[in-house]
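Asks: fold the following and give me the result.
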Amino acid sequence: MHRGGLEPRAEALRRVVKARGGWGEHGELLEAIHAALEQGLNRTVTINLAGMIAAVYCDLEFDPLLAEAISALGYGWALAAHAVEEIRDGVPLRIIPPELGAAYTGPPERHIPERPASSSGRQPKKGTSA
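Replies: Residues are numbered from 1 along each chain as shown. Model (predicted):
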């Protein structure tokens, strides 16, 4: 988690977009809102990559639905990369211990009885006979 200013990836994106002349009204608006928010809250606030990408898509006049779809694809690849990295490195997949505030609030665990195996040894599909 990054504190204050710009997340490093957001800063890199802004730098590239400005260098290529793509920074426009929405990028300026993002910076103005960011400055006003920090001033109003009297503390630093971080602009993350998602916010920066949204401003860039708006300045490039992307259709909002297309921008959302492209963003979803990007996050999907990032999620897959994180999962692979954590599995390869032996790091638990975002397991948060109860002492740090994790608490399951869903329905209680329940027993699901085994279905009898068919003569082929395979479980029959629901709604079909063996």
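Asks: most centrally placed residue in this protein?
Replies: residue 75 (5.6 Å; C-alpha atoms, centre = their mean).
Asks: what helix or strand is it located in?
Replies: Following DSSP states H and E, one finds residue 75 within helix 64-89.
Asks: what helices or strands is that helix leaning on?
Replies: When contacts are defined as 3 or more C-beta pairs under 8 Å, 6 or more residues apart in numbering; DSSP states H and E, helix 64-89 sits against helix 49-59. Glycine gets a C-beta too; all of them are placed from N, C-alpha and C.
Asks: tell me the domain boundaries of this protein?
Replies: 1-60, 63-91 (automatic domain parsing).
Asks: quick one: residue 57 and residue 71, what's the gap?
Replies: 8 Å (C-beta to C-beta, to the nearest Å).
Asks: between these two, who's got more neighbours?
Replies: Shown here are residue 57 and residue 71; by other C-beta atoms under 10 Å, residue 57 has more neighbours (18 against 15).
Asks: give me the neighbour count for residue 37.
Replies: Other residues close to residue 37 by other C-beta under 10 Å number 13.
Asks: and the pLDDT for residue 107?
Replies: As predicted, residue 107 sits at a pLDDT of 80.
Asks: so it, which state does it fall into?
Replies: What DSSP: H, G, I helix; E, B strand; the rest coil gives for residue 107 is coil.
Asks: shaky segments in this structure?
Replies: Applying pLDDT under 70 to the chain flags the ranges 1-4, 92-96, 118-130.
Asks: and if we set it to 50?
Replies: Counting by pLDDT under 50, not a single residue of the chain qualifies.
Asks: closest to residue 101 out of the domains of the chain?
Replies: With C-beta to C-beta as the measure, domain 1-60 is the member of those nearest residue 101 (15.3 Å).
Asks: just give me how far the closest one sits from the chain centre.
Replies: Relative to its chain's centre, domain 1-60 lies at 17 Å (C-alpha atoms, centre = their mean, to the nearest Å).
Asks: isn't residue 47 right up against residue 30?
Replies: Yes. Residue 47 is within contact range of residue 30, at 6.8 Å (criterion: C-beta atoms under 8 Å).
Asks: fine by me, thanks again.
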